[in-house]
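>>> Quick one, what's the 3D model for this:
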Amino acid sequence: MTYGLSDEHHMIAETVRSFVEKEIYPHEALVERTGEVPREIADEIKRKTIELGFYACNFPQSVGCAGLGHLEFALVERELGRGSMALNHFFGRPQNILMACEGDQVDRYLMPAVRGERMDALAMTEPGAGSDVRSMTCAARRDGGDWVVNGTKHFISGADHADFVIVFFATGEDQTPKGPKKRITAFLVDRGTPGFTIRDGYKSVSHRGYKNMILDFDDCRLPDAQVLGEVDGGFEVMNTWLYATRITVATMSVGRARRVFDYALDHAATREQFGQKIGKFQGVSFQLADMITEIDAADLLTLAAADRLDKGLPANREIASAKLYASEMLARVTDAAIQIHGGMGLMDDYPLERFWRDARVERIWDGTSEIQRHIISRDLLRALGA
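Residues are numbered from 1 along each chain as shown. The predicted structure follows:
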């Protein structure tokens, strides 16, 4: 897509796309087969990203990073979406809420994270608290000058490689006309902290090698210095983070869909049946037309949402629309690509069955499709007082 993009924007996209093709694609089959990213490959990707000047490019120049805007960063994530999530994790995009670090936290967490010296992960989801974040049972209670935390988090991506984790705990409860409402606080928790355990999570059919982990807290004691942001202010910090991750899901869905489409287009142009290229049959050609139309629409919707953020405009509904449409578009495109390839599309000789499996989770994490529809409809109705 070229609409509204400058030469600099195109350069960013082309640079990252080239990186993914050269540094990510060659290792995908290994990760898919073993479910692991060898440490030497992870370190090599990180080193080359730092040399390229793109490590932590979502952070501002004030902390020594590229300081890309939302639109520029969306282009980076779109091109990364073409490759394995397990591998492009080491391209390095720390959680942007680390900008809430203060005092000693800046030197202990923020700066090492943006320099690639320490890796972070974010923990919010629990076995009994997914979309309903305020139903979390992981709790932190005051004990002298410290906090004692207990509970379990699961589906925590990247925790297997993390040196520290940003964790949300319930730190109290308010009585409201609609019933009890939990107060939430974010904490920085180092790997190896007594009472904190990271263990293997569930085996997923999506994004092999990009593991989800389970975090256990058993009377884990944390000082006040580990609070990120304000006590009881975690929900505000969380909402800031969700903006970024929903755009990430949308943009990466677009990038992955374009790669899938390229396979389908090439197959339609070269495969022959009944004496002609199958792309000449309307049953195939019309699918291609629908695929590229949906991909382009998702691309524009996503970039427009990112552009609104850069302009300081309200973008909650637009981001939800982008995440909803792009993730569901990816499911349709991957399914159509397999249909065009026929039986071979489901064989692991081709990567299409992997993209098909990977696409399924995009409609679930970082806010399900149903949650996005709720956000969109609530925004529309609220404007009319309903």
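>>> Identify each buried residue in the helix or strand bottoming out on mean pLDDT in the chain, please.
Lowest by mean pLDDT, DSSP states H and E among the helices and strands of the chain is helix 234-270, with a mean of 90. Across helix 234-270, burial judged by 16 or more other CB atoms under 10 Å covers 234-235, 237-238, 241-261, 263-265, 267-268. C-beta coordinates here come from the backbone N, C-alpha and C atoms, glycine included.
>>> Please tell me how far Pro177 sits from Ala320.
26 Å (CB to CB, to the nearest Å).
>>> Need phi/psi at Gly103.
phi 60, psi -130 (degrees, to the nearest 10).
>>> excluding its backbone neighbours, what's nearest it?
Closest residue to Gly103 apart from its sequence neighbours, by CB to CB, 6 or more residues apart in numbering: Ala225 at 7.7 Å.
>>> my guess is that neighbour meets Glu102, correct?
No - Ala225 is beyond contact range of Glu102, at 9.8 Å (criterion: CB atoms under 8 Å).
>>> Can you give me the distance of Gly64 to Met11?
Applying CB to CB, the value for Gly64 to Met11 is 21 Å.
>>> Check Asp174 too.
In terms of CB to CB, Asp174 sits 49 Å off from Met11.
>>> Then Glu294?
Here Glu294 is placed at a distance of 27 Å from Met11 (CB to CB).
>>> which of the two has more neighbours?
Glu294 (21 against 11; other CB atoms under 10 Å).
>>> quick revisit: helices or strands next to the least confident helix or strand of the chain in the packing?
For helix 234-270, the packing partners by 3 or more CB pairs under 8 Å, 6 or more residues apart in numbering; DSSP states H and E come out as helix 70-80, strand 164-176, strand 179-190, strand 276-277, helix 282-310, helix 316-341, helix 352-361.
>>> Let me know which of those is the nearest to Thr368.
In terms of CB to CB, the element of the helices and strands packed on helix 234-270 nearest to Thr368 is helix 316-341, at 9.4 Å.
>>> Domains of this structure: list them as residue ranges, please.
The domain map for the chain lists 7-115, 120-235, 242-383, with the assignment taken from the TED database.
>>> and the gap between Gly81 and Met213?
Distance of Gly81 to Met213, given as CB to CB: 22 Å.
>>> The two - which one has more neighbours?
Between Gly81 and Met213, Gly81 has the larger neighbour count (other CB under 10 Å), namely 25 against 22.
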